[in-house]
Structures are given as C-alpha cells and as structure tokens.
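> mind looking at a prediction? Sequence and model below.
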Amino acid sequence: MIRIKDLGFSYGENVVLKDITMNLEEGRIYGLLGENGVGKTTLLTLLSGLKNAKAGQIDIDGHNPWKREPSLLTEIYYLSDEVAEINMKAIEYAENYGKFWEGFDLNKFIEIMDSFENDINQKMNRMSFGQLKKTHIAFALACNTKYLFMDEPTNGLDIPSKAQFRKAVMKYTREDSTLLISTHQVRDLENIIDPIIILDRQDVLLNASLEKIAEKFFFDYSNDRKEGALYCEMIPGGNIQVLINTTGEDSKVNIEALFNTVHLHKELVKGLKDEN
Amino acid sequence: MKTKDIFNFRRFGKYFVSDLRSCASNYWLSMLLISLMGLIIYIGTVCMGLAFTGEWSGPDKSFRVFTFVVSMFVLMTTMPVKCYGKITEKRFGTAWLMIPASSFEKVLSMVLMTIFVAPILSACIYLGTDALLCTIDNTCGAAIIPSVREFFDFFINESIATEGDIQAFPALAHFVKEISCPWLYVDDIIGISLWFLAGAIWFKSGKTAKTILAFIALSMVLSMAITPFMSTYMKEFAMRMTVMDSQEAVERLFNMGIMRHAALVDTINDTVANLIMLGLIYFRIKTIKH
C-alpha cells in the first residue's frame, strides 16, 4: 500500500504540491488527472524515487522510494512520458534488463509485443515513437510489478494500439497491482481507470471511486436542458449534463465532463474526497 | 537500509554483465576504431611513403608510442560519455535509475568498466596489433611495450649513470629513480579516467569540454592555493643557496622527506584524490534526480 502524507514539492519558488495526503490501495487502477503543470508527473516521479520530497513522506510497503533500494525497485516500474531509443533490439533489451525484476516474464513481453504488432527483432533506435512507446509498455507490463506508474502512456499510440493497450492492462497486470496512470486522454482509459484522482494546483480536488462519484453526481445524456446543471456540454445527438445526484439514480460517469465539473466547482467537490 | 540492498554478489554479477552488454552496444565501434588506430596509422604511413617516395616506411617507434598515448587518452575521455553520459537525460536516466540494483553496484560497475575493462581491452588490442605489425615488418624498429620500458630504463640507468652532474647529487639521483617507475603513473591514469567519468555523469551537455575546463579551473585554484607555500619554500631554498654550497643546498632539498619519498607521497596524494573522485561519483548517482 502507498501512503502519502503531507507531501510537498517545489521547483525553487514554484510550489507544485502542498500538503498532499492520500492512500493508494492494492488491486486498483488509479487515473491521475489534472491540468498542465499541476504536478502529475512530479507526483509519479516522487513515488518512483526519482525526486526527493521537500516535505511530508511517502511510504511504499514500509520503504521510502527516494532511497532506491533494490528490494523496492523490483516491485516498481515507472513508464515515463518520454521513452529512450536504446541501441539494442527490443528482445535484447528485454533479456538484458528484464532479469532485474523478479516477476519479469519474457514470454509475456513477446506476447504483448505481438499483440501490438511490434517486431521484437527491430532495433529500438530505429523504431517510430509509437512503436518505441509500445515496446516500453510491453516491457513495463511484463515486469509484473506490484506498483506500476505510467505517465501519459497512450500518447503517440494509434487508435488500434490504444485499444490493445487497454486490453493488455486488463489482461497482464497482477490482481494485487496498484496502477497509477496519469493522462490527458481520458477517453483512452475511460473504461479501465477507477478510482479517479484529480489534482489541482497544490491540492487534490478529488480522489474517489467511480461508484462514489456516481452516488454524488448524476450524468444526464438527454436532449433537455436541466435546471441546476453544474456542467453542460453539447455532444453529438444531445447534451451531457452533470447534476448533483439527489435521487440516488445510477448513471455512467463521463470522466471528461467530471473533470470539467470539478474545475468549475472546486469547493463543492472537495467534500467528495475519498479518504480511503 | 539492509546489507542486501547495498550489495549483493549475484545481483552485481547480473548488473555488470548487463552494463557490459549495454556499453558494448553503445561504444564498440568507437572503441574498435581507437584500438586499431595504430594499424590505421601504419597503413596510412606506408601508403603515403609508397606514393611519395616509393619506399616502404612505417611510422617510427616514438611516433607509435605517441599515437598510442593519444589513443588511450581519447578512449578515456570518450568512453564514459558514450556509455554513461545519457543518464543525465530524462529519457535514459529514469529507466537507468529504476533498474533494481543499488547505487553502489551501479557505481562499482561503471568504475570497473571505465578504469579496467575498456582501457585494458583497448590497450591489449592496440599493443597486440602493434606487436604483430613489428613481427611482420622488421623496419618498424621495436614494438611499443619494450619501447616504453626502454624509455624508463633510459631515464633511470643511462641518464643517471652517464650524466656527471646527476651522479654528483645522490639525493637527486634517488629522486629521479623514484619518479621513474612506470607503475607510479597508473594511479594518475585511473585519476584521469575517474575525472572524465565524473564529468560524464555530472554535466548535462558539453560534457567533455566542461570536464576539461573544470580540470583547468581546479588546477588553477590548487596552484593559487599552493603558491604561497611554494614561494616561501623556494625563497628559503634560494637563501640557502646564497649561504651554503649549491651542491649541498640541492642535496638538502632532495633529502627532505617529501622529495626523499616522492613515490610514496605521490601515491598517497593520487589515492586520496581518486577516493574523493569515487565519493563524488557515488554521491552524484545517489542523488541524481529526474
């Protein structure tokens, strides 16, 4: 389990994260959303031990990630938004580095590469950005780590690959794995992320499961304009409106509409924070 | 932190092999070119000789020793940048830092690669090729290894034995003998390699140029720090020269502890400097952020 308490981080005078407190539970795929510059990547790098927190603490199964202890690193994989063009064939890369992660499965790597229609014998520095990204995604999933942090994983992927990515995440991640996926492309991940974390400048606006969100908000897809809608947007064939759920009626959460609602009504939604 | 999180033989072995493979894929071509530089220069010189004078003449002994030294220097300056320089870039650095091996194991592996594996492998290829060429072509003079030994032997035996002036100064002769041991310079070579390794992982761009500039800057600072001490020392020496026989003054100078045990002092100095460099490299790897 990941416990974050009063976490603070700044780049010089620019405070990015302030007093962030939350827990990330096992077996869940968290979607990390937020505007540009709110600290999504910073949070992921702090969790991966690539940066040192200026205040507060991060506890991952009793370890401080900044110490970069091999016993913790073997349970973590961080997929950066920028991936490296290694001067090796994909299969050589997997063989050369995969052995450091205890759960690494080369067959799984080959299988995922195959599902992405990527050639394992192609040199990584001769791949297109999308192919390279898919290779790193395949490697990340094949590592079978307990904690998998991904920063904009669907950036640069073509449409079929995005679908393959969703399938691969659902199929190849461990039952007890905690995934934290930062993204702006919420539609790419709409059906796999739950709970949702929305970061704002120096704050967490929302950290709640879809079930809890649906309890609090009602997502209306009818053509009629409803009074008291917190957010309204025209979509092909009607409107999408977000209302306070007063009747307890169930509705399908539209993450993009939720994100916009949260940003328009920050104070209102702060009460929704899921402390679990 | 548990001991197994600092060093584990099995994990280090795995890491070292993986580091070797990664370094080979990034640097093998440059290393091969540097290692075969002697052969390339030999072929070039012979071809030029045949073209311009019509005679078969390879590069002479001293030129080959010079190109060997230059090639090894080029290797020491370029290898760390090619193999480890990318860890300061976010794309490569994040993946490298996340490899489940300890900072100590990563540093140990890169140091072994930089100061032993790459230079020894390259020097063996270079010197082996040179020895082979000299076996085939008897106009080459002599192979590099015996030539280097000869240079130091000349320094010790010929120079001291034949130069009447030096023979008259036993303490000076002892000093010359002390500093003429080839092994005395091994720690300097290690120091240069470590310096360039530190530069490769410290600077984000212009790594080689900045490393050389940093070396010049440090040398200037150290010179300025030593100057007051040296000027007092030299003044005292000059004063002694005026009040006593110059031969006695020179003998006294070279009989002082620091001169008498020049090799030991140099070794201690270089060892301390190299340990500081190792500490800096470890600190950098331990605290690098992305």
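Okay, I see it.
> flag the helix or strand of chain B with the lowest per-element mean pLDDT.
helix B:159-162 (a mean of 56; mean pLDDT, DSSP states H and E).
> how many other residues sit next to B:Leu127?
Close neighbours of B:Leu127, defined as other C-beta atoms under 10 Å in any protein chain shown, add up to 17. (Each C-beta comes from the backbone N, C-alpha and C, glycine too.)
> would you mark the buried spots in the one helix or strand it maps to?
If you go by DSSP states H and E, B:Leu127 is part of helix B:118-136. Using 16 or more other C-beta atoms under 10 Å in any protein chain shown as the test for burial, helix B:118-136 gives B:Ala118, B:Pro119, B:Ser122, B:Ala123, B:Ile125, B:Tyr126, B:Leu127, B:Thr129, B:Asp130, B:Ala131, B:Leu133, B:Cys134.
> distance of the first one from B:Met277?
I take that to be B:Ala118. Going from B:Ala118 to B:Met277 by C-beta to C-beta, to the nearest Å gives 17 Å.
> hang on, B:Phe16 packs against B:Val107?
No. Using C-beta atoms under 8 Å, B:Phe16 makes no contact with B:Val107, being 11.8 Å away.
> which is the next helix or strand following the one helix or strand B:Trp28 maps to?
Assessed by DSSP H and E, B:Trp28 sits inside helix B:9-35. Later in the chain than helix B:9-35, the nearest helix or strand by DSSP H and E is helix B:37-52.
> from the middle of its chain, how far away would the longest helix seen in chain B be?
Ranked by residue count, the top helix of chain B under DSSP state H comes out as helix B:207-243. Mean-position distance between helix B:207-243 and its chain equals 21 Å (C-alpha atoms, centre = their mean, to the nearest Å).
> now that helix: mean pLDDT?
Across helix B:207-243, the average pLDDT comes to 84.
> tell me how far the most centrally placed residue in chain B lies from chain A.
Centroid-nearest residue in chain B, with C-alpha atoms, centre = their mean: B:Ile189, separated by 1.9 Å. Taking C-beta to the nearest C-beta, to the nearest Å as the measure, B:Ile189 falls 28 Å from chain A.
> quick one, strands of the stretch 1-150 of chain A?
Along the stretch 1-150 of chain A, counting by DSSP state E, counting those that start in this stretch, strands occupy A:2-11, A:14-24, A:29-34, A:55-60, A:76-79, A:147-151.
> for A:Leu206, find the nearest of those strands.
Nearest of the strands of the stretch 1-150 of chain A to A:Leu206, taken as C-beta to C-beta: strand A:29-34 at 8.5 Å.
> coming back round to it: what helix or strand does the residue nearest to the centre of chain B sit in?
Assigned by DSSP H and E, B:Ile189 belongs to helix B:186-202.
> likewise for A:Gln241?
strand A:238-244.
> residue of the stretch 151-276 of chain A nearest chain B, please.
Taking C-beta to the nearest C-beta, chain B has its nearest neighbour within the stretch 151-276 of chain A at A:Asp151, 9.5 Å off.
> briefly note if stretch A:57-76 comes near chain B.
Yes. Using C-beta under 8 Å from any C-beta of the partner chain, stretch A:57-76 reaches chain B at A:Lys67, A:Arg68, A:Glu69, A:Pro70, A:Ser71, A:Leu73, A:Thr74, A:Ile76.
> tell me which residues of that stretch are tucked away?
Neighbour counts using 16+ other C-beta under 10 Å place A:58, A:60, A:63-66, A:68-76 of stretch A:57-76 among the buried residues.
> got the contact list for it?
When contacts are defined by C-beta atoms under 8 Å, 6 or more residues apart in numbering or on different chains, stretch A:57-76 is touched by residues A:1-7, A:46-49, A:51-53, A:100-103, A:145-149, B:1-2, B:4-5, B:8, B:11, B:97-103.
> can you select the buried ones among those for me in PyMOL?
Selection of the buried residues among the contacts of stretch A:57-76 in PyMOL, burial being defined by 16+ other C-beta under 10 Å:
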select buried, (chain A and resi 2+4+7+46+47+48+49+51+53+100+101+103+145+146+147+148+149) or (chain B and resi 5+8+11+97+98+99+100+101+102+103)
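> that older thread, give me the pLDDT for the residue nearest to the centre of chain B.
Note for B:Ile189: predicted pLDDT of 92.
> now the one 3 residues further on
B:Ile192 carries a pLDDT value of 94.
> and chain A, what are its domain boundaries?
According to automatic domain parsing, chain A comprises the domains A:2-207, A:210-273.
> for A:Ala90, give me its contacts.
Counting by C-beta under 8 Å, 6+ apart, A:Ala90 has contacts A:Met113, A:Asn118, A:Asp119, A:Ile120, A:Asn121, A:Gln122, A:Met124, A:Met127, A:Thr135, A:Ala138.
> and the two most separated of those?
Distance extremes for these: the farthest pair is A:Asn121 and A:Ala138 at 13.8 Å, using C-beta to C-beta.
> look at the two and report which has more neighbours.
Neighbours per residue, other C-beta under 10 Å: of A:Asn121 and A:Ala138, the larger number sits with A:Ala138, 27 against 8.
> for the more buried one, which non-adjacent residue is closest in space?
Distances taken as C-beta to C-beta, 6 or more residues apart in numbering or on different chains place A:Ile112 nearest to A:Ala138, at 3.9 Å, with adjacent residues excluded.
> returning to what we had before: selection in ChimeraX covering whichever of the contacts of A:Ala90 are buried, please.
Buried subset of the contacts of A:Ala90, written as a ChimeraX selection, criterion 16+ other C-beta under 10 Å:
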select /A:113,118,120,122,124,127,135,138
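> ok, of the contacts of A:Ala90, which one's closest to chain B?
A:Met124 (10.3 Å).
> show me what contacts that closest one?
Taking C-beta under 8 Å, 6+ apart as the test, what A:Met124 contacts is A:Ala84, A:Glu85, A:Ile86, A:Asn87, A:Met88, A:Lys89, A:Ala90, A:Tyr93, A:Leu132, A:Thr135.
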